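1. next input, structure requested:
(chains A, B, C and D)
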There are 2 protein chains.
Amino acid sequence: MTEAEQARPASRRVRMEEVARVAGVSLATVSRALRHPETVSEALRDRVVEAAARLGYVPSPVAGSLAGARSTPLVGVIVPSLTNSFFARTLERMAATLESADLQMMVGHHDYDLAREERIVTAFAGWTPSALVLTGVSHTRGTIRALSDVTCPVIEMWDLDGQPMDSLVGFSNRAAGRAAGRHFAEKGYGEVAYVGAILDADPRARARADGFAEAVQERIGTPARIVTVDGREIGHGGAGLAEVLERWPDTRAIAFSGDVLAVGALFEAQRRGIRVPEDLALFGYGDLNIAAHTNPGLSTIHPPGDEIGQAVADHILARLEDTGSGSRTVALDFSVIDRGSG
Amino acid sequence: MTEAEQARPASRRVRMEEVARVAGVSLATVSRALRHPETVSEALRDRVVEAAARLGYVPSPVAGSLAGARSTPLVGVIVPSLTNSFFARTLERMAATLESADLQMMVGHHDYDLAREERIVTAFAGWTPSALVLTGVSHTRGTIRALSDVTCPVIEMWDLDGQPMDSLVGFSNRAAGRAAGRHFAEKGYGEVAYVGAILDADPRARARADGFAEAVQERIGTPARIVTVDGREIGHGGAGLAEVLERWPDTRAIAFSGDVLAVGALFEAQRRGIRVPEDLALFGYGDLNIAAHTNPGLSTIHPPGDEIGQAVADHILARLEDTGSGSRTVALDFSVIDRGSG
DNA sequence: ATCGGTTCTGAAAACGCTTACAAACAGGCG
DNA sequence: CGCCTGTTTGTAAGCGTTTTCAGAACCGAT
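-> Numbers count the residues shown, from 1 in each chain, chains lettered A, B, ... in the order given. A predicted model of the protein is given here:
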């Protein structure tokens, strides 16, 4: 049995050493040629690159980051939920940009459970990722402690109200809520209500509800009628509408903490023969695709979800480049979309 | 300046060495106590665990996998899109189970672009993950080559038609399409159509369309009228309906490659004053939450999305345990849901 | 030629952990 | 009480890179 034949079955991986041998250079040169091409003479660089390509060499990010004592080419992203289109779109946008910088995305979701968020943060931090992205600014003490020990950039997104730990990319949910209230005031609706999904667990929805109530009080002069439903699925929208109308039959307009709820309410209104917006105005939040297609179209708030994804990715790349300058807060804007439902 | 004071500012990380010192044992014992508790005497184990907890020691998965020459505690998952609720739900379900086994999820999406899938597979494979999960069974030659070099389990999901590379978890999209056609036949509809989004890029939607046409031909005896729209958003559903009715005004029923399209068509029908299902029957695929709440409710096919997520995670865990036995194909079932729209 | 000053290149020491191997120890037996 | 077995612990050799440091090679200028 020759030496060539008894290759270990386990590691089929082509290592840098082999590239070095084939190219007739040392390990160090291969590393440099691949990592910092400008520090190697052109002749060698070509030889190395060619050998690497021929052998199908794929560098090991694991070994690389251990050796470099540097961060892993991994970005940890934690969102409350993956099924929520807002976050899904943000993720897609981030991934596209990060991918081009050879950064992979590690994602976790916690279902609006901050204790679970803490566990994920701890696990992610162990990887010494290149950056950590969280949703919102409310976290457990443990999360904050874990994050303060971390050396990589930490970005909080989708919120602007509150104290950032490090970087912040988002918009003001409170202002978005206020805008909804102002919108109703401008339309001249007198008796208005707000239906929020699980406000206790979702600080951003809570901020929007508060902003809404605030603006209603200021502009209309009556207190907003607040109802909480215990889920954010479409059926809960109909239930919210039912509860509002039962408790305050004279309600003229309802804002919801999300488009999904609002659409559910719209369907329920259709079933009840309530005309929207003539009898009852409906207003959402999120500007999901569907909002533009219901009958009538759903008036809503368009949060800058795609922009957040893009901005977070850009911000990470920028911070990975030049350590220092540049603002650590990116303030984005939402917009009010009037489509006819309210 | 004492030695304690000149701690390096860079690596604040608590290393195993420190735990060993505090517990008064060797490095190896710490590793064993944490990794294979049963191989260490109870007294030492307790001391080590206690010391680790007190110091806040978090093991480095990077160093760990390099040393173990084993796979990284990472599962790479590649889906066409994150904004598609099916896949989002599958991912959530997977993540929940994998998390409990301390496996993190690396996710990538390719927008139905198989060349991009190949790039992601290559990048993921470099990590020597514990498992790789792809969507569907159609891949580029390059993807297949890259995957065949990989030592970890490779799972293809959301499909059952076709040759698996390794493991397969899903259902037959062709059968789902056939079921839709059969459903129309049973309802006695004569002239039926199918609206598919970007069938060229989505092999599973294509398989459903084929299955549908097949069943229609068999059961109804007329060829199905097939229309392709160039997007899978809600607006494309209305466009599809418009095109079908323009080309074949006598169409009695339309099936869609996705619920989103079907809902869009439903809205368009409402706008046109077409009664559903009296004038025109509509049938979707996906059983999104919304399908149960439209007026009328959307008849559709419920694919086992959650089950796929669960089964994939379970399957990975099982294959990581006992290398060998156990079927490598998990066949799941969809169901037809009749809600009134068609 | 010789020299100082640049490039380039290679040897070798990490990076933080796992594990094969060997040593130490404890217990049971004749 | 020695010998053997079985268990527990420690030593040290990696895992695949990066990077520091120093040496080699080359350059033009003396």
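
2. tally up the residues packed near residue A:218, please.
-> Using other CB atoms under 10 Å in any protein chain shown, residue A:218 has 12 other residues around it. (C-beta placed from N, C-alpha, C; glycine too.)

3. which residues are in contact with it?
-> Residues in contact with residue A:218 (CB atoms under 8 Å, 6 or more residues apart in numbering or on different chains) are residue A:181.

4. okay, now the unreliable bits of chain A?
-> Low-confidence segments of chain A (pLDDT under 70): A:1-12, A:323-325.

5. one more time with 90, if that's ok
-> Along chain A, the parts satisfying pLDDT under 90 run over A:1-13, A:38-45, A:56, A:68-71, A:149-151, A:320-327, A:342.

6. quick check: residues of it near DNA strand C?
-> A:25-29, A:32, A:39-41, A:43-44, A:63, A:66-67, A:69 (CB under 7 Å from any atom of the strand).

7. which members of those are classed as buried?
-> Buried by 16 or more other CB atoms under 10 Å in any protein chain shown: A:25, A:29, A:32, A:40, A:44, A:66, out of the residues of chain A next to DNA strand C.

8. need those in JSON lines with secondary structure and distance to chain B, can you?
-> As requested, these are exported to JSON lines (DSSP: H, G, I helix; E, B strand; the rest coil; distance: CB to the nearest CB, whole Å):
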{"residue": "A:25", "secondary structure": "coil", "distance to chain B": "22"}
{"residue": "A:29", "secondary structure": "helix", "distance to chain B": "21"}
{"residue": "A:32", "secondary structure": "helix", "distance to chain B": "19"}
{"residue": "A:40", "secondary structure": "coil", "distance to chain B": "22"}
{"residue": "A:44", "secondary structure": "helix", "distance to chain B": "24"}
{"residue": "A:66", "secondary structure": "helix", "distance to chain B": "5"}
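
9. and residue A:297, how many neighbours?
-> When neighbours are defined as other CB under 10 Å, residue A:297 has 16 of them.

10. what is it paired to in the beta sheet?
-> residue A:340 (DSSP bridges).

11. quick one: the helices in the stretch 51-200 of chain A, in order.
-> Remark: helices assigned in the stretch 51-200 of chain A by DSSP state H, counting those that start in this stretch are A:61-68, A:85-99, A:114-125, A:141-148, A:173-187.

12. for those, which one sits closest to DNA strand D?
-> Taking CB to the nearest atom of the strand, helix A:61-68 is the member of these nearest to DNA strand D, at 2.4 Å.

13. and the helix or strand hosting residue A:336, which residues are buried?
-> Element membership of residue A:336 [criterion: DSSP states H and E] is strand A:335-337. Across strand A:335-337, burial judged by 16+ other CB under 10 Å covers A:336-337.

14. stretch A:205-216 too?
-> Using 16+ other CB under 10 Å as the test for burial, stretch A:205-216 gives A:205-213, A:215-216.

15. re the thing from before, among the helices of the stretch 51-200 of chain A, which is nearest residue A:241?
-> helix A:173-187 (15.8 Å; CB to CB).

16. and that closest one, what does it pack onto?
-> helix A:203-219, strand A:253-256, strand A:281-283, strand A:300-302, strand A:335-337 (3 or more CB pairs under 8 Å, 6 or more residues apart in numbering or on different chains; DSSP states H and E).

17. and the next helix or strand past the second one?
-> What that stands for is strand A:253-256. Remark: after strand A:253-256, the chain's next helix or strand is helix A:259-272, criterion DSSP H and E.

18. okay, the angle between that next one and helix A:85-99?
-> Put simply, helix A:259-272 runs at 150 degrees to helix A:85-99, going by axes from the mean of the first three to the mean of the last three CA atoms, to 10 degrees.

19. who are the packing partners of helix A:259-272?
-> strand A:192-197, helix A:234-247, strand A:253-256, strand A:281-283.

20. what does chain A have sitting close to DNA strand D?
-> By CB under 7 Å from any atom of the strand, the residues of chain A that approach DNA strand D are A:11, A:13, A:15-17, A:27-28, A:31-32, A:34-36, A:57, A:59-60, A:63-64, A:66-68, A:70.

21. follow-up on the earlier one: nearest to residue B:236, out of the helices of the stretch 51-200 of chain A?
-> With CB to CB as the criterion, residue B:236 lies closest to helix A:85-99 of the helices of the stretch 51-200 of chain A, at 16.5 Å.

22. can you pull the buried residues of that closest one?
-> Counting neighbours by 16+ other CB under 10 Å, one finds that the buried residues in helix A:85-99 are A:85-95, A:97-99.

23. okay, angle between it and helix B:114-125 too, please.
-> For helix A:85-99 against helix B:114-125, the angle by the same axes, to 10 degrees is 80 degrees.

24. mind saving the C-alpha coords of helix A:85-99 as PDB?
-> The C-alpha trace of helix A:85-99 is given here as PDB (Å, rounded to 0.1, in the frame of the first residue of the first chain):
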ATOM      1  CA  SER A  85     -42.900  39.700   6.800                       C
ATOM      2  CA  PHE A  86     -41.300  42.800   8.000                       C
ATOM      3  CA  PHE A  87     -38.400  41.000   9.600                       C
ATOM      4  CA  ALA A  88     -38.200  38.500   6.700                       C
ATOM      5  CA  ARG A  89     -37.800  41.300   4.300                       C
ATOM      6  CA  THR A  90     -35.200  43.000   6.400                       C
ATOM      7  CA  LEU A  91     -33.300  39.700   6.700                       C
ATOM      8  CA  GLU A  92     -33.400  39.100   2.900                       C
ATOM      9  CA  ARG A  93     -32.000  42.600   2.300                       C
ATOM     10  CA  MET A  94     -29.300  42.200   4.900                       C
ATOM     11  CA  ALA A  95     -28.300  38.800   3.600                       C
ATOM     12  CA  ALA A  96     -27.900  40.000   0.100                       C
ATOM     13  CA  THR A  97     -25.400  42.700   1.100                       C
ATOM     14  CA  LEU A  98     -23.600  40.700   3.700                       C
ATOM     15  CA  GLU A  99     -23.200  37.800   1.300                       C
END
